[in-house]
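# sharing a sequence plus its predicted fold:
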Amino acid sequence: MEITVCVGSTCYLKGSYNIINRLTELIKENNLEDKVVIKGACCLGNCCRPVSIKIDDGPVLSVDESSLEKFFKEQVIDKLNK
Ligand code: FES
């Protein structure tokens, strides 16, 4: 699974590097290092929302620090367990 986090200027200002750091921790905590990779991307075209994020070729979603853990559980862990 590939998680793409936007590091374009708007998302950067909204904290995309904090999101990447926390995602990296969550991946380690769940021992998913061999299943999930994080990539950066320049502007996913959804700048008016919080930090843009995408799983594989899925739709562009958005997360902030308070919704990241829920996002990780629903979009990453639950999907990997399917
Ligand atoms: S800068 Fe992230 S969607 Fe545009």
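Nice, I can see it.

# only C-alpha atoms for contact and neighbour calcs from this point on.
Will do.

# can you give me how far the helix or strand harbouring residue 79 is from the chain middle?
For residue 79, the host element (DSSP states H and E) is helix 78-80. Relative to the chain's own centre, helix 78-80 is displaced by 14 Å; criterion: CA atoms, centre = their mean, to the nearest Å.

# and stretch 66-74, C-alpha only, in PDB?
Provided in PDB are the C-alpha atoms of stretch 66-74 (Å, rounded to 0.1, in the frame of the first residue of the first chain):
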ATOM      1  CA  SER A  66      -6.800  15.100  15.200                       C
ATOM      2  CA  SER A  67      -8.300  12.900  12.600                       C
ATOM      3  CA  LEU A  68      -5.100  11.000  11.600                       C
ATOM      4  CA  GLU A  69      -5.500   8.000  14.000                       C
ATOM      5  CA  LYS A  70      -9.100   7.400  12.900                       C
ATOM      6  CA  PHE A  71      -8.000   7.700   9.200                       C
ATOM      7  CA  PHE A  72      -5.100   5.300   9.800                       C
ATOM      8  CA  LYS A  73      -7.400   2.700  11.400                       C
ATOM      9  CA  GLU A  74     -10.100   3.000   8.700                       C
END
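
# now the helix holding residue 79: mean pLDDT?
Helix 78-80 shows a mean pLDDT of 95.

# how about stretch 55-65?
Mean pLDDT, computed over stretch 55-65, is 97.

# buried ones in that stretch?
55, 60-65 (16 or more other CA atoms under 10 Å).

# how about the residues of this protein by the ligand?
Within reach of the ligand by CA under 6 Å from any ligand atom, the chain has these residues: 6, 8-11, 43-47, 52.

# ranges for the helices of this structure?
Using DSSP state H, the helices found in the chain span residues 9-13, 16-29, 68-71, 78-80.

# okay if I get these as CSV plus mean neighbour count?
What follows is these, written out as CSV (neighbours: other CA atoms under 10 Å):
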stretch, mean neighbour count
helix 9-13, 18
helix 16-29, 16
helix 68-71, 15
helix 78-80, 12
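
# save those helices as a markdown table, and put in distance to residue 1 too.
Output for these, formatted as a markdown table (distance: least, CA to CA, whole Å):
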| stretch | distance to residue 1 |
| --- | --- |
| helix 9-13 | 22 |
| helix 16-29 | 11 |
| helix 68-71 | 14 |
| helix 78-80 | 8 |
